[in-house]
Each structure stands twice: as C-alpha cells, then as structure tokens.
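**Student:** Fold the following, please.
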Amino acid sequence: MFSVANRLSIFVDGNNMFYAQQKNGWFFDPRRVLEYFNQEPELMLINAFWYTGLKDAQDQRGFRDALISLGYTVRTKILKEYYDDTSGRYSQKANLDIEIVVDMFNTVDQYNRVVLFSGDGDFERAIELLRSKNTHITVISTEGMIARELRNVTDRYIDLNDIRDRIEKVDSL
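**Tutor:** Reported below is the predicted structural model:
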C-alpha cells in the first residue's frame, strides 16, 4: 500500500525541454524518464503529462502516439506566430504554461511529489502555492536555461546532465 506521501506526478514542458536538450547536445528518452522515476519502490507514479506546441494537427503524430502508449497524458496547442521586436524576426510559440498549471492544481489531491521538467520562471508562483500544500517539488532543467526564480522556490533542482546516463535516448540496434 502506498501512502499519499509517496505519490508522484511528472509534468514535462516539451518545448522548453526541446531547447534545453538542444543546448546540451543530447536528447532524453520519455520511456527512460518514466523508468528513472519508477525505480524507487516506495514511490508510485500517479500520472505523467507532456505538453507540446504543434505546427498543425498532424505535427508530431507518431511521437505523440508513442508518448500516449507509454502512459503520458499529452496536451497540445497550435503554435502562434509573432514578431519579435528585439531580434527583428518572426517566431513561433505555443505557451502551454497555463495548461501545465491547471493540470497541476486539478490533480493536486492525487500526489504530493511533483517533478517539473522546465526552466521557465513563470512557474514560480504555482510552485510556491504547491509547496504551501506540502507538495515536494523537483525541477529538472539545465544551466543557463533555468530561471533563478524557479530554482529558488523548488525543493530540489536536478540538472539534466547529472542524470544523462539514466535518461538519455540511445539508438536501438
């Protein structure tokens, strides 16, 4: 029997993690991520969410189907194009922060441990509120891509490179 103290939910900010992995020069395997957090016998993985922006409804179909078959709940939003005054270029962004926070609070009674794969400082207030409900928060990101505000409010910070050997995508033979 698992106590409430040992129930875990994982939230992956897919677009944020794509850029973090790109910066590091390696990519993690969503299956190995689940295995890594399922290895502790006293910890029960309750749910795992993956959030990603799409160019169109068919974008990343195979990847999304694979995530679903692994047990992830996948949330998507069509990318919006906007003009960036600083760079003078058009960029695309989905911005799924609200969806992540809604899911965190909508499922808060199911867990008391969260692993958030993101470095986005916009999560600072949500993390503060979750911690006030005695939720233990682990944030996973990478140096240079984690906001100071987010790092300051989390219980534990793990750099992607510190767990690379446990979660890196390896090509099958």
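
**Student:** Tell me which residues of stretch 113-128 come out buried.
**Tutor:** The neighbour-count check on stretch 113-128 (16 or more other CB atoms under 10 Å) flags 113-120, 122-124, 126-127 as buried. (C-beta placed from N, C-alpha, C; glycine too.)

**Student:** could you dump those residues to TSV with pLDDT?
**Tutor:** Output for the buried residues of stretch 113-128, formatted as TSV (pLDDT from 0 to 100):
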residue	pLDDT
113	96
114	97
115	98
116	98
117	98
118	98
119	97
120	96
122	96
123	98
124	98
126	98
127	98
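
**Student:** Now intersect these with the helices, please.
**Tutor:** 124, 126, 127 (DSSP state H).

**Student:** Give me the nearest residue to the second one, chain neighbours excluded.
**Tutor:** In this case it means residue 126. residue 101 (4.6 Å; CB to CB, 6 or more residues apart in numbering).

**Student:** my read: residue 110 touches residue 45, true?
**Tutor:** No: the pair residue 110 / residue 45 is not scored as a contact, 11.0 Å apart, by CB atoms under 8 Å.

**Student:** what's the overlap in contacts for those two?
**Tutor:** Residues touching both residue 110 and residue 45 (CB atoms under 8 Å, 6 or more residues apart in numbering): residue 9.

**Student:** For these two, indicate the residue with more neighbours.
**Tutor:** residue 45 (18 against 12; other CB atoms under 10 Å).

**Student:** Can you tell me which of the ones in helices among the buried residues of stretch 113-128 is nearest residue 14?
**Tutor:** Residue 14 lies nearest to residue 126 out of these, by CB to CB, at 17.5 Å.

**Student:** want to throw the buried residues of stretch 113-128 into JSON lines with distance to residue 22?
**Tutor:** Below are the buried residues of stretch 113-128 laid out as JSON lines (distance: CB to CB, whole Å):
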{"residue": "113", "distance to residue 22": "28"}
{"residue": "114", "distance to residue 22": "24"}
{"residue": "115", "distance to residue 22": "21"}
{"residue": "116", "distance to residue 22": "19"}
{"residue": "117", "distance to residue 22": "14"}
{"residue": "118", "distance to residue 22": "15"}
{"residue": "119", "distance to residue 22": "13"}
{"residue": "120", "distance to residue 22": "16"}
{"residue": "122", "distance to residue 22": "20"}
{"residue": "123", "distance to residue 22": "20"}
{"residue": "124", "distance to residue 22": "24"}
{"residue": "126", "distance to residue 22": "25"}
{"residue": "127", "distance to residue 22": "24"}
